[in-house]
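Trainee: Mind folding the following:
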Amino acid sequence: MRKILALTLVVMMMLSVSVTAFAVNEDVEGELVIYSSMYPAVLDMMDQAIKAEFPNLTPGNEGSFFFYSGTSKLITKIYGEMGEKRDQPLGCDMFMVAEPAFSLEMKDYGYLHSFEVKDAESRLRFPYDKEGYWYPLRVCNMVLAYNPEKVDEWKEKGITIPRTFKDFAYDPALKGYISMSDPLTSGTAYAAVCSLLDKYGEEYFDKLGANGVMRESGSTAIAKLQSGECAAIMILEESILKYLYDEKEKGNTVTNLEVIYPEDGVVLIPSTVMIVDEAYSKNVNVEAAEAVAQYFLTDEGQQLILKGFMHSVLADMKDVPYLSIDTNELIKKDIGVDWEKAYRNREEINNLWSVKVTQ
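Mentor: Numbering: from 1, shown residues only. Sure, this is the predicted structure:
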């Protein structure tokens with residue numbers, strides 16, 4: 001009888017722990033909208049994770065928690081919502097955008113809510129705001145890419161595939177045969193050119209302009225690389241890895257596309273998560289926003305980032321995206337971005353790009 005009673009008590013305790021653990025997420029209620037520039041396929045995956053993890057939280061954007069657009073378009077949308085005096089409420093409760101300089105800007109405007117990520121100093125391997133206004137969520141990696149099947153053809157034309165960001169811009173033989181995203185519309189491209197501007201000076205823009213660099217979407221650049229219209233492209237690693245993975249899932253073996261990790265360094269972009277202050281948020285629900293932000297900084301949440309072909313921000317995360325290399329090794333090769341400068345000098349840098357590259 002005592003054994004039965006003891007067993008019953010143990011079972012009751014286990015059930016109590018299980019219910020309590022589940023009740024934590026059940027208590028997260030209300031509505032939530034997140035502006036994000038992550039690829040739609042990644043957001044779909046994250047959307048389903050939030051719905052499973054927080055069953056009583058209501059998606060506030062036509063059945064989804066996310067509103068998707070490119071970083072630059074999102075920033076323009078946010079500016080419009082803020083109004084000329086930068087004092088109007090927004091149509092969202094959180095941001096997950098590609099460019100950390102924007103975090104500094106929104107903090108300056110007083111639009112962000114401060115929250116604490118426990119043990120952030122030891123848990124995160126990328127910088128975060130010490131006052132808790134923004135934290136890194138995912139890491140994009142700007143690299144080069146080429147077509148291994150076309151190397152000999154390019155060599156016959158006197159063209160060597162560039163192994164550095166410098167050669168990508170400086171080698172005159174590449175004129176008309178290179179492509180990248182436009183930093184005027186792409187946040188990650190803007191981060192990359194800010195980094196390379198600091199490393200090589202304004203001459204880098206001059207050389208890109210002289211080489212007639214094409215400004216195109218990642219999918220267009222990949223297609224031109226495979227067809228032989230481009231010798232090399234500057235692109236996010238995740239775009240290449242996703243393409244290779246998707247083709248593998250279709251049963252296709254891809255031999256005409258490969259990442260180059262530039263010998264003069266990579267540009268890592270630790271994209272941030274931010275919570276909108278209650279005075280400006282759509283649903284006035286910072287408790288739910290905090291819970292979601294904390295969830296995506298757990299091991300489980302970061303696995304979704306890896307499945308999205310981006311690198312994890314967690315210091316103890318050994319896993320890497322499909323076909324990628326060790327994140328800590330990339331950190332050693334990171335050229336770095338002066339985010340304060342990227343924020344303060346945005347208009348100047350954009351104008352410099354327009355004059356030297358696009359005209």
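Trainee: alpha carbons only for contacts and neighbour counts from here, please
Mentor: Fine.
Trainee: And residue 118, how far from residue 298?
Mentor: 11 Å (C-alpha to C-alpha, to the nearest Å).
Trainee: more neighbours, these two?
Mentor: residue 298 (12 against 9; other C-alpha atoms under 10 Å).
Trainee: can you pull out the strands in the stretch 51-200 of the chain?
Mentor: Taking DSSP state E, counting those that start in this stretch as the test, the strands found in the stretch 51-200 of the chain are 57-59, 66-68, 94-97, 135-146, 178-180.
Trainee: highest average neighbour count across those?
Mentor: strand 94-97 (a mean of 26; mean count of other C-alpha atoms under 10 Å).
Trainee: sorry, back to before: which among the strands of the stretch 51-200 of the chain is found nearest to residue 215?
Mentor: Distance to residue 215, taken as C-alpha to C-alpha, is lowest for strand 178-180 among those, at 5.2 Å.
Trainee: packing partners for that closest one?
Mentor: Packing contacts for strand 178-180, counted by 3 or more C-alpha pairs under 8 Å, 6 or more residues apart in numbering; DSSP states H and E, involve strand 214-215, helix 218-227, strand 232-236.
Trainee: same question for that strand, mean pLDDT?
Mentor: When pLDDT is averaged over strand 178-180, the result is 98.
Trainee: Please verify my assumption that residue 88 contacts residue 81.
Mentor: Yes. The pair residue 88 / residue 81 is scored as a contact, 6.5 Å apart, by C-alpha atoms under 8 Å.
Trainee: Now do the helices in the stretch 201-350 of the chain.
Mentor: 203-210, 218-227, 237-249, 286-296, 299-307, 327-333, 339-344, 346-353 (DSSP state H, counting those that start in this stretch).
Trainee: picking up where we left off before, TSV please, covering the helices and strands packed on strand 178-180 and showing distance to residue 50, mean pLDDT and mean neighbour count.
Mentor: Putting those into TSV (distance: least, C-alpha to C-alpha, whole Å; pLDDT from 0 to 100; neighbours: other C-alpha atoms under 10 Å) gives the following:
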stretch	distance to residue 50	mean pLDDT	mean neighbour count
strand 214-215	35	98	20
helix 218-227	28	97	18
strand 232-236	26	98	26
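Trainee: Indicate which one of those is closest to residue 100.
Mentor: Of all those, it is strand 232-236 that lies closest to residue 100, at 16.0 Å by C-alpha to C-alpha.
Trainee: Residue 48 and residue 62, how far apart?
Mentor: Between residue 48 and residue 62 the distance is 14 Å, computed by C-alpha to C-alpha.
Trainee: When these two are compared, which one has more neighbours?
Mentor: When neighbours are counted by other C-alpha under 10 Å, residue 48 and residue 62 differ, and residue 48 comes out ahead with 13 against 9.
Trainee: need the contact list for residue 297.
Mentor: By C-alpha atoms under 8 Å, 6 or more residues apart in numbering, residue 297 lies in contact with 137, 314.
Trainee: For it, give me the pLDDT.
Mentor: At residue 297, pLDDT is 97.
Trainee: What segments of the stretch 51-200 of the chain are helices?
Mentor: With DSSP H, counting those that start in this stretch, the ranges of helices along the stretch 51-200 of the chain come out as 71-82, 101-108, 120-123, 151-156, 165-170, 187-200.
Trainee: buried ones in the longest one?
Mentor: The one in question is helix 187-200. Buried residues in helix 187-200, counted by 16 or more other C-alpha atoms under 10 Å: 187, 188, 189, 190, 191, 192, 193, 194, 195, 196, 197.
Trainee: what about residue 267, how many residues close to it?
Mentor: Number of residues near residue 267 (other C-alpha under 10 Å) recorded here: 28.
Trainee: what do you get for residue 348?
Mentor: For residue 348, the number of neighbouring residues by other C-alpha under 10 Å comes to 11.
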